[in-house]
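Q: quick one, what's the 3D model for this:
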Amino acid sequence: GEEGEGEEGEGEEGEGEEGEGEEGEEGEAEEEDDEEEREKEKKKDKKEKKVLKAGIIHLTRIPPYMKPTTLRNLFTEYGPIDHIYLKPEDAVKALKRKKAGGNRRQNYEEGWIQYSDRKIAKRVASQLNNTQIGGPKRFYWREDIWNIKYEPDLKWSHLTEEKRNQAAIREQKLWKLISEQKILNNLYLRRRERERKKKTNRIQ
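A: Purely as a prediction, here's the structure:
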């Protein structure tokens, strides 16, 4: 009988060893979580440092119908670019121009470029502001003038928010214009219908 009790005791010790194994696995899982957190912190710090080092220039006027790709090609010559944002012209203005038979290409009012290095951004603004774009003789914007200023306090996150707001405003204006146009079209059709009925009555 005593031997049986001894065996049972050994079994309990075995259970104790199993518990220690579970604690060890939990410890390893916690270490992995800590490692992931450290990696996330490193990436966050790296991103913040990159943002602090970056510099933004403001193009207060975009040459007529110049595309973002053309702009990027022209300004990449001076250094690596992180972001470009061009503000489209007013939706109502664009629609009126197109309806009047004007140029149907996308036009932009102003733009911003973020360089990876703020020193480059400062240099680009100071050297290119109020200068001719230049380029080959057949280059469409050769004689146009750059209007550029360096924005030391501006962050790209501010522009992202501005971009969302402008898109919402632009959409509202466009829908308003379309609604007004529909009303005008309906009034025109009703007037034509009334005129047609008058003519029919006269003939009868």
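Q: and stretch 81-94, how far apart are its ends?
A: Counting by C-alpha to C-alpha, to the nearest Å, you get 29 Å between the two ends of stretch 81-94.
Q: list the buried residues of it.
A: Across stretch 81-94, burial judged by 16 or more other C-beta atoms under 10 Å covers 81, 84, 85, 86, 87, 89, 91, 94. Placement of C-beta: from N, CA and C, glycine included.
Q: nearest spatial neighbour of the third one, skipping sequence neighbours?
A: If you skip the residues right next to it in sequence, residue 85 has residue 112 as its closest partner in space, 5.1 Å away by C-beta to C-beta, 6 or more residues apart in numbering.
Q: and that neighbour, which of the three is it?
A: strand (DSSP: H, G, I helix; E, B strand; the rest coil).
Q: returning to that earlier point: between the buried residues of stretch 81-94, which sits nearest residue 66?
A: residue 86 (8.5 Å; C-beta to C-beta).
Q: you'd agree the closest one is in a strand?
A: Yes - under three-state DSSP, residue 86 falls within a strand.
Q: give me the beta-bridge partners of it?
A: Taking DSSP bridges as the rule, residue 86 bridges to residue 111.
Q: the helices in this structure, which residues?
A: 2-53, 68-76, 91-99, 118-128, 156-203 (DSSP state H).
Q: low-confidence ranges in this protein?
A: Low-confidence segments of the chain (pLDDT under 70): 1-32, 38, 40-52, 161-178, 180-181, 184, 203-204.
Q: change it to 80
A: Along the chain, segments meeting pLDDT under 80 span 1-52, 91-92, 158, 160-204.
Q: using CSV, lay out the buried residues of stretch 81-94 together with distance to residue 185.
A: Shown next, in CSV, are the buried residues of stretch 81-94 (distance: C-beta to C-beta, whole Å):
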residue, distance to residue 185
81, 45
84, 39
85, 36
86, 33
87, 30
89, 25
91, 19
94, 20
